[in-house]
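# no sequence on this one, just coordinates:
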Ligand code: SF4
Ligand code: SF4
C-alpha cells in the first residue's frame, strides 16, 4: 500500500483537534519504547487511577482498591510481539496483560493496540474489535496507545465502505475512535475520560 | 417533562422558566457559541446539498420501512441476534422486561436512548424490580434527580455545577467540590462500578443497516461501547425510522449529525455492532443480543404525505439549539419528552393531543430550526399544521374563530379597521402610539408601545401618490401592501413608491387585496386562511404585472411559499397559484437585484449611522441576506452590523399576544444588541418588526428611530 502524504497531514491535524496526541514512529520497537516512557511518566509517584482520589461511595472506592501496580494491556499482539513488550515491561516493573481484562475494571494504565485504518477527514481511528479483550483494553484503560500504519489512512469514511461491508458479513464489532472519551454534560465544560481513555496517543508507523 | 393541564397553567410555567437566570445565561452562551462552532464544522462542506441528500435518502427509507425491517431481521438473525417489532411503547417495554426476566438479569446499565425515554422504559423495568442505571453522564444526573432531559444532546444543560456537586455529595456520601473535572472523575468511578455488576446493557441505535443487520451507535463518552461489551445481554431499542438500506446511508448522516449537534467533525465513538459478539461471561462466550424496533405510529406517519418528513429526523438537537423560544424557556417547557421544534411535533404523534396542545402554540414561526435541520424538515410549517389539526379536533377558540370569520370577508375586515381608527381616539396619543392599552391587553402587554391606526389608509392615498403612467415601463409591478402597511404605516408604502421614482416602473395597487392570511395560519384557522389566499390570488390576476412587490417580509414569504402549499394540490388552482407565487418579491431584492439601483442614485452627503434587524421571514423565509445590506451601503448609509442580527425580535404576530413575556424577553435582547451598535437609526424590512422594535425602543427609552428600509432609501434618493 502506498502512503498518501496529504491524508497523513490532514489526519494528524484533525486527530489533534479532537484531542489525540499524534507522533511518528519508524518501527514497532519504537512504539513499544514510547509506551514504556508514557507508562513511566504517568502519575509517576502515585498508583491511583483517575477519580480514585476523589470522594467516592464505598462500593466505587472498593473497585479502586483492586488495582495494584502499573498495568499495560495488549491483547492483540502476536506471540513474538507480546514477549518483546513483556520483556520491556518487566524491566520497568509494569504488569503486561494479554487477557482476563474483566478482572481489571478498576483500572488499566495503558491499552495498547494496532488499529486497522485511519480516516483523514475526521482524524478517526477504525478498530475492528470482535475480540472482547481488545475492546476492553481500548476502553477501560486510562491511556490508549494506538499504532496506525500511515499506509492505512484513507481520505474519508466512504473509502472504507467495502472494507466495513466485508467485516459486517459476519458477527462483527467495529469502532470509530476520535480523540479521548469526553463529555460536556456539566455546564458544557469539556472534560475528558468520563468513561473511556483520558488520553489517546496515535503512533503513525512508517512503511508497513 | 411538560405537564400543564391548561393553556393558562402552561403560560404560568413559561413565565416561571423565564425567571430562571442560570438557565438563560447558560442558554445564551450556548446559542452564541453553537452558531460559530457549527459554521466552522461545516466550513468545507456544502451543507445544503448534504441535507438534501439525507432528506431524499431518509424519505426513500420511510417508504420502504417494511422491506427494510424484514431484511434487517433476516440478516441480524443470521448472525445470532434476535429482532423484535413492538407496535407501541407498552409492547416495547414488555418485550425488554421479558428478556430481562428470562435471562435472569438484575442490574441494567443503559446508554442514552431517546426511544427508551419515549416509551418510559425505566419505569417499566423498575416495576419489575430491576435496577436501571443511566450511564451517559447527563442522563445519570437527571435520573438521580428524577427529571426528564431538557435537551436531546445535552440532557442536563439546565443544571449548574453546584447542583451537580450537591447531588454527588448525596450519592457518594462524601462532600464534593464544584470542580467540573473532578465531578466527572467521580462519575467515572461510580459508574464503572455499576458496569462491573450489570447483567444487561440497553442502548439506543442511531442507525440500523438492513443490508448487514448492523446497529450503529454514536456517543462521545464511550458508555455505549461499555454497555454493548460488558453485560452478557445487550438490548438495543430504536424507532423504525432508524432503518436504512446500506452502510453508506449511515456514513452520510454521520457527516451531518455531530457537526449539527455540537459542531464536532465526529463524536469520539461510533460503534458498529453486527450480530452476537464475543462475551466472556455469557454462555458459550457469545453475547445474547436483541434488537427491538418501535413502531408507535411511525409506519402510519410514513404514509402521511405531509408528515412523513418527520421520520427524517436524526435527533441532532440542532433545532433546539437555534430556537429563540427554547433558548428562553428551556427544554422542560418546550417539549414533553422530545424537545425543541421537533419535540413539539413528535409529542403530538407519540404522546397525543393532550400533551401537545399547549406546547404546539409556543412557536414564534421564526424558521431558524428549519434552516438548520439535518433532515431538511419544514418544522415550523408542520408545527402550525398540527396546531390547526388540534383545533379541528378540539374546537376552535372563540377569538380565533371570530377573527377567521371576519378576515374571510375583506370588506368587513377593512371596515373594522376603519372603525378602529375612530374607536381608538380616546387612547390614541399624538406620537402615533396608543397611550394606554385597553384592558384586554393589560398588563403583560405593556412591554412595548402599540401604534395607532393611521388616519388615512394607503388604499385611500393611492390615487394621489401613484406615479404618472409610464409608456413603456421597464418592469410592471403590482404592490401588495399587507394590512399593517395599508392601515397602520401607510408612509412605508408611500416611501416605497417614492424610492423607485424615475426608474420607469409601471406601478399599480389592486384594490381587492386583503390581509395575506398569515395571522390566520398562526392561529390555526386553515380554512379562512385558504379563502383569503384565493381572494388575493384573484385580486392580482386582473393585473398583468411581472412582479408582486411586498414590503413586508412576512407577507412575502407567506405569499410565495405557503400559498402554493395550501392551494397547489387543487387542480383548479395549481398552475395559477404557482404563477402568482413566482411573481412575489420583497422590497430590498427588487430595489437591489431587479432595478439595480446604484450609488449614483443617492445623495453624495454622508448618510446616517444605521443598524439593521433581519426579519426572520426575509433572511430565512426568502433566503434574502445580502440585498438589504448592499442597499444600505449603496445609499451611503453608515451601516453597523448588529450582534445576532438574524435572531427573531419577538414579534411573531399573534404569538406576541399569546406569549407576551417571551416576546418581551426576545425584544429586550434585541434592544441591548441595538444599543451596543451605537446607531441612531434601526432599519428593517418588515412592518411587523417595525411595530415591535419601535414599540420596544419607546418603552425602553432607547434613543433610536426605527424605520422600514424604504423610508431611508427614499429619503436618500437624489
Ligand atoms: S420556528 Fe423558530 S420558534 Fe418555532 S420552533 Fe422553529 S426555531 Fe423555534
Ligand atoms: S428535527 Fe432536524 S434539527 Fe431537529 S433534531 Fe431532528 S434532524 Fe436535528
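Looks like it came in fine. Note that the coordinates shown come from a computational prediction; the quantities given were computed from them, not determined experimentally. Numbering: from 1, shown residues only, chains lettered A, B, ... in the order given. Ligands and ions are numbered 1, 2, ... in the order given.

# ok, the residue of the stretch 551-700 of chain B found nearest chain A - contacts?
Closest approach between the stretch 551-700 of chain B and chain A, counting by CB to the nearest CB: residue B:644, at 18.8 Å. Every C-beta, even on glycine, is put in place using the N, C-alpha and C of the backbone. Neighbouring residues of residue B:644 by CB atoms under 8 Å, 6 or more residues apart in numbering or on different chains: B:32, B:669, B:670, B:673.

# what residue ranges in chain B score low on pLDDT?
Residues of chain B that meet the criterion pLDDT under 70 lie in B:426-427, B:435-446.

# follow-up on the earlier one: looking at the contacts of residue B:644, which has the most residues close by?
Among those, the one with the most neighbours (other CB atoms under 10 Å in any protein chain shown) is residue B:670, at 26 neighbours.

# any idea how far residue B:83 is from the nearest residue to residue B:378 once chain neighbours are set aside?
Leaving aside its chain neighbours, residue B:378 sits nearest to residue B:370 (5.7 Å; criterion: CB to CB, 6 or more residues apart in numbering or on different chains). Per CB to CB, to the nearest Å, residue B:370 is found 35 Å from residue B:83.

# what's around residue 39, how many residues?
I went with chain A, as the question did not name one. 23.

# wait, chain B
By the criterion of other CB under 10 Å, residue B:39 has 12 neighbours.

# Please apply the same query to residue B:488.
Neighbour count for residue B:488, taken as other CB under 10 Å: 24.

# Could you pull up phi and psi at it?
Taking degrees, to the nearest 10, you get phi -110, psi -50 for the backbone angles of residue B:488.

# hmm, who's touching stretch B:684-693?
The set of residues external to stretch B:684-693 that reach it, using CB under 8 Å, 6+ apart, is B:448, B:450-451, B:482, B:484-485, B:488-489, B:492, B:551-554, B:586-588, B:612-615, B:617-618, B:628, B:649-651, B:653, B:656, B:663, B:667, B:670, B:674, B:682, B:706-709.

# Which of those fall in helices?
Residues of the contacts of stretch B:684-693 located in helices (DSSP state H): B:482, B:492, B:553-554, B:587-588, B:617-618, B:628, B:656, B:663, B:667, B:670, B:674, B:709.

# pretty sure residue B:513 contacts residue B:480?
Yes. Using CB atoms under 8 Å, residue B:513 makes contact with residue B:480 at a distance of 5.9 Å.

# Please list the residues of the stretch 251-400 of chain B that sit near ligand 2.
Taking CB under 6 Å from any ligand atom as the contact definition, the stretch 251-400 of chain B meets ligand 2 at B:313-319, B:341-342, B:373-375, B:377, B:379.

# So for the longest helix belonging to chain B, what gets flagged as buried?
Taking DSSP H as the criterion, chain B has its longest helix at helix B:21-41. Buried residues in helix B:21-41, defined by neighbour count with 16 or more other CB atoms under 10 Å in any protein chain shown: B:23, B:24, B:26, B:27, B:30, B:31, B:34, B:35, B:37, B:38, B:41.

# possible to save those residues as JSON lines with distance to residue A:155?
Output for the buried residues of helix B:21-41, formatted as JSON lines (distance: CB to CB, whole Å):
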{"residue": "B:23", "distance to residue A:155": "42"}
{"residue": "B:24", "distance to residue A:155": "43"}
{"residue": "B:26", "distance to residue A:155": "38"}
{"residue": "B:27", "distance to residue A:155": "38"}
{"residue": "B:30", "distance to residue A:155": "33"}
{"residue": "B:31", "distance to residue A:155": "34"}
{"residue": "B:34", "distance to residue A:155": "28"}
{"residue": "B:35", "distance to residue A:155": "29"}
{"residue": "B:37", "distance to residue A:155": "24"}
{"residue": "B:38", "distance to residue A:155": "23"}
{"residue": "B:41", "distance to residue A:155": "18"}
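
# Now do the phi/psi pair for residue B:547.
Torsion angles, degrees, to the nearest 10, at residue B:547: phi -130, psi 140.

# Bridged to it, which residues?
When assigned by DSSP bridges, residue B:547 has beta-bridge partners residue B:477.

# Can stretch A:79-99 be said to contact chain B?
No. Stretch A:79-99 stays clear of chain B (CB under 8 Å from any CB of the partner chain), getting no nearer than 8.8 Å.

# Show me what the mean pLDDT comes to for that stretch.
Here stretch A:79-99 scores 94 as its mean pLDDT.

# Show me what the helix or strand that contains residue B:123 is packed up against.
Using DSSP states H and E, residue B:123 sits in helix B:121-127. Here helix B:121-127 touches helix B:89-102, strand B:131-134, going by 3 or more CB pairs under 8 Å, 6 or more residues apart in numbering or on different chains; DSSP states H and E.

# Tell me, how many residues neighbour the residue of chain B found nearest chain A?
Shortest chain B-to-chain A distance, computed as CB to the nearest CB: residue-wise this is residue B:174, at 2.8 Å. Neighbours of residue B:174 under the rule other CB under 10 Å: 15.

# show me what contacts the closest residue to it other than its chain neighbours?
Leaving aside its chain neighbours, residue B:174 sits nearest to residue A:55 (2.8 Å; criterion: CB to CB, 6+ apart). By CB under 8 Å, 6+ apart, the residues touching residue A:55 are B:169, B:172, B:174, B:175, B:176, B:186.

# give the contact list for the fourth one.
Taking CB under 8 Å, 6+ apart as the criterion, residue B:175 is in contact with A:55, B:169.

# Let's see that with 6 Å instead.
When contacts are counted by CB atoms under 6 Å, 6 or more residues apart in numbering or on different chains, residue B:175 touches residue B:169.

# ok, now the first one?
Each residue near residue B:169 by CB under 6 Å, 6+ apart is listed here: B:175, B:176.
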